[in-house]
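Visitor: Could you work out the structure for the sequence below:
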Amino acid sequence: MTRATLDKQPHEVASMFDDVAANYDLTNDVLSLGQDRRWRKEVAKAVDARPAQRILDLAAGTGTSSLPFTAAGAYVVPCDFSLGMLREGKKRHPWLPLTAGDATRLPFADGVFDAVTISFGLRNVQDTGRALRELYRVTKPGGRVVICEFSHPTWAPFRTVYEEYLMRALPPVARAVSSNPDAYVYLAESIQSWPDQPGLARQLQQAGWSRVAWRNLSGGIVALHRGTKQA
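Guide: Predicted coordinates for the structure are as follows:
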């Protein structure tokens with residue numbers, strides 16, 4: 001079983017997600033105590049997909065995160081660099097145009113998407129700034145980005161409890177429900193080392209995005225960042 005390290009070598013991260021593809025959605029539901037469903041609903045609201053719009057759903061995994069956009073009538077391209085995830089997604093959702101792609105070298109032309117979004121995947125990319133610039137490149141002028149990612153609770157006592165859960169409670173739970181529990185040790189470490197809300201906002205601005213803002217979910221366990229590409 002593969003466990004990626006915090007230098008986030010692409011082949012290690014992809015292989016790790018290949019290992020957990022079959023039970024990934026179920027495991028996330030268990031580990032988040034069902035909160036991941038609420039977080040994804042908030043992503044769908046923020047993206048606000050409309051009929052005939054083109055949406056890029058990056059790090060889409062099995063394609064579950066893309067379903068609300070298709071339900072809204074948009075044309076959605078779920079993209080991921082884990083072939084194991086894409087194969088699993090094709091079994092479940094054969095109608096989705098699942099696409100293999102690296103976030104730092106997206107296989108799309110300039111300015112083709114009305115909105116781009118990535119949920120719980122940006123922190124697994126080796127070069128965050130390059131990925132944000134690639135998202136900017138493939139977005140139409142006036143288009144928008146929505147990033148849903150684990151972040152840092154804003155209330156100090158709660159943050160302490162949460163970090164204890166990540167490093168002490170999460171690994172035993174992962175061993176019970178995941179085919180590769182070591183992968184979730186990496187995921188916990190990657191959450192702790194990830195920038196806070198203002199830090200990610202600065203990286204978005206440095207990549208060219210304007211009107212950058214964020215909203216905390218579940219007390220800051222997750223943050224929903226948004227930005228716009230200038231027309």
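Visitor: Excluding sequence neighbours, find me the nearest residue to residue 216.
Guide: Nearest residue to residue 216 in three dimensions, chain neighbours excluded: residue 223, at 5.5 Å (C-beta to C-beta, 6 or more residues apart in numbering). Where you see a C-beta, it was placed from the backbone N, CA and C, and this is true even at glycine.
Visitor: what's the spacing between the one you found and residue 189?
Guide: 18 Å (C-beta to C-beta, to the nearest Å).
Visitor: Repeat that for residue 101.
Guide: According to C-beta to C-beta, residue 101 stands 25 Å off from residue 189.
Visitor: Of those two, which one has the most company?
Guide: Higher neighbour count among residue 101 and residue 189: residue 101, with 20 against 15, using other C-beta atoms under 10 Å.
Visitor: just for this protein, where's the confidence low?
Guide: Applying pLDDT under 70 to the chain flags residues 1-8, 10-11, 13-14, 16-33, 167, 169-171, 173-181, 184.
Visitor: at 80 instead, please
Guide: Counting by pLDDT under 80, the chain has low-confidence residues at 1-34, 162-188.
Visitor: how about the helices of it, start to end?
Guide: For the chain, the helices defined by DSSP state H cover 10-20, 24-31, 35-47, 67-71, 83-92, 128-138, 156-164, 170-177, 181-192, 197-206.
Visitor: Let me have these in TSV, extended by distance to residue 118.
Guide: Shown next, in TSV, are these (distance: least, C-beta to C-beta, whole Å):
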stretch	distance to residue 118
helix 10-20	14
helix 24-31	15
helix 35-47	9
helix 67-71	13
helix 83-92	14
helix 128-138	7
helix 156-164	22
helix 170-177	22
helix 181-192	14
helix 197-206	12
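Visitor: closest to residue 60 out of the ones you listed?
Guide: When the helices of the chain are compared by C-beta to C-beta, helix 83-92 sits nearest residue 60, at 7.4 Å.
Visitor: Buried residues in that closest one, which are they?
Guide: Within helix 83-92, the residues that count as buried by 16 or more other C-beta atoms under 10 Å are 84, 85, 86, 88, 89.
Visitor: now do stretch 107-119
Guide: Under 16+ other C-beta under 10 Å, the buried positions of stretch 107-119 are 108, 112, 113, 114, 115, 116, 117, 118, 119.
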